[in-house]
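# structure for this input, please:
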Amino acid sequence: MKYVLRITSIIITFILSFLLLTITFVDDTLLEESSYFKTAEEIIDSLNANIQINNAKYFKVGWAKTNITPSYTLPLAGYGARNGVYVSEVLDSVWVRGFVFDDGYKKYAVITLDALIVPPAVTKKLQLLLPEIGYELSRIYMSATHTHCSIGGWGDSWIGNQFAGEFNEQIVNDLANAIILTIKKSEKELSHAKIGFGSYHAGKFVRNRLVGNKGTTDPWFRLIKIQKEDGSIGLITSFAAHATVFSHRQMKYSRDYPGALVDSLEKINNIKIAAFCAGAVGSHSPNINGYDNYEKISNLSSELFSLANENINSIQIRSVKSMGSLLFDIPLREAHLRISTKLRIRPWVFNKLTEQSKVYLSLLKIGDIILVGTPCDFSGELVNNIEFNAKQNNHDIMVTSFNGGYIGYITNDKWYNLKEYETFTMNWFGPYNGSYFIYLINNLMEIFI
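Model prediction:
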């Protein structure tokens, strides 16, 4: 009996020690009282005093695209339900699209991948490669279409493997090199241009998948029009509906509805390239009818195409008088991978499960247009406040997700304790981040305005 009690005591001690080492309480310190928020305030104050936006000598643009469909077998990224299965079949090819902007002082680039996200491992590789062609990460604005049927193998962690399958360093190198190649090709096409912005209500094609009618949506289909002196046009588009028309049962490479949209836009006379950046897709899914997923993709892309086609010619283009970019490293609360509303896994455990990611906001000012890139699935419920502030200062705004870092979902604070995928499983850095990101973006925009 004494032996059994001793063994039981050892087991209980081991379990309690394990729990103490791996589990702790959720930190619900108010935003304004948190040390990371105060650090962010200090950094922004410093930026306000030191950043200057120069008047442009001129405004030139070049664009290009590069096929990134792999010739070797990789997992298909997007859904954990696929269990990392490998795929080699192609429904439609995947691409990197790029734009280079030259203001006479510096060159800037906008890059979008037909991929789930811009993988952090690719960003890390780019930091090494960009100086070789005269760039730095702060002048590279990145996004992804967020198709859930594209290249996997880029996630070097347990969590990354769940969404992108087994890690393969070759695809990381290939994606980074394709981005570099696209920038170099775009530079060869530089010529004088002007730019314009349009936004068109498409609310009936997107829904709040998190809370339905209890919440709001970002209903706007946004479009940046870039026109060269020879009349050729490049478009950068964005919409907040997840590119998830295809489910996990689709086992071929596909760009989902963003691919069908840009293909149709590129068939319009004078439009030489069209790109799509995932907007504030957090909490948002497509809302479209169709006999099957192929028809749904056709219907959604056709509706967005019609909005663009009807309005492209009426978008007024203007000369660009100033440009600038900003990369803001975001101070964050400790990792909060929760197991209940009160308990979370300790940060060291979370760090073992996920790869280290550069966490930043990226801003690019092109005249009176500001692009804001976020390192997450950024919720469309948060965009209205940001857009209102931009318009009050006579600027247009395009907020996009997946800028090369990744920290999960950033959602409306009021839903933080909902035990749903977006707010519980994928909300990794504690409460109040909806308000925090709005604060950061609004204050960083003011530097440019």
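# following the chain past the strand or helix carrying Lys38, name the next helix or strand.
Using DSSP states H and E, Lys38 maps to helix 35-50. For helix 35-50, the following helix or strand on the C-terminal side (DSSP H and E) is strand 60-67.
# hmm, who's touching the following helix or strand past that following strand?
Next helix or strand after strand 60-67 toward the C-terminus (DSSP H and E): strand 74-77. Residues outside strand 74-77 that contact it (CB atoms under 8 Å, 6 or more residues apart in numbering): 82, 84-88, 115-116, 148-155, 163-166, 168, 171, 251-253. Bear in mind the C-beta positions are built from the backbone N, C-alpha and C, glycine included.
# same thing with stretch 343-353?
21-26, 157-159, 334-339, 428.
# change it to 6 Å
By CB atoms under 6 Å, 6 or more residues apart in numbering, the residues outside stretch 343-353 that reach it are 22-24, 26, 158-159, 334-338.
# then stretch 280-291?
Under CB under 6 Å, 6+ apart, the answer for stretch 280-291 is 146, 205-210, 218, 240-242, 245, 296, 299-300, 377-381, 383, 399, 401, 409, 411.
# try stretch 438-449
44, 47-48, 51, 324, 328, 363, 365, 370, 372, 382, 385-386, 389, 393, 395.
# low pLDDT regions in this protein?
Applying pLDDT under 70 to the chain flags residues 1-20, 49-50, 52.
# all helices of it, in order?
2-22, 35-50, 120-129, 158-164, 169-187, 256-265, 293-311, 347-353, 383-392, 433-448 (DSSP state H).
# circling back to that earlier point, looking at the contacts of strand 74-77, which are in strands?
Per DSSP state E, strands hold the following members of the contacts of strand 74-77: 86-87, 150-151.
# PyMOL command for the buried members of those residues?
In PyMOL, a selection of the buried entries from these looks like this (16 or more other CB atoms under 10 Å):
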select buried, resi 87+150+151
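# now the buried members of the contacts of stretch 343-353.
Buried residues within the contacts of stretch 343-353, defined by neighbour count using 16+ other CB under 10 Å: 24, 26, 159, 335-338.
# export those residues as a markdown table, with columns for distance to Leu418.
Converted to a markdown table, the buried ones among the contacts of stretch 343-353 look like this (distance: CB to CB, whole Å):
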| residue | distance to Leu418 |
| --- | --- |
| Thr24 | 22 |
| Val26 | 14 |
| Ile159 | 21 |
| Ala335 | 19 |
| His336 | 15 |
| Leu337 | 16 |
| Arg338 | 12 |
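# between those, which sits nearest Lys358?
Among those, Ala335 lies closest to Lys358 (CB to CB), at 15.3 Å.
# mind listing what Phe429 touches?
Applying CB under 6 Å, 6+ apart to Phe429 gives the contacts 332-333, 336, 407.
# I appreciate the help and will end here.
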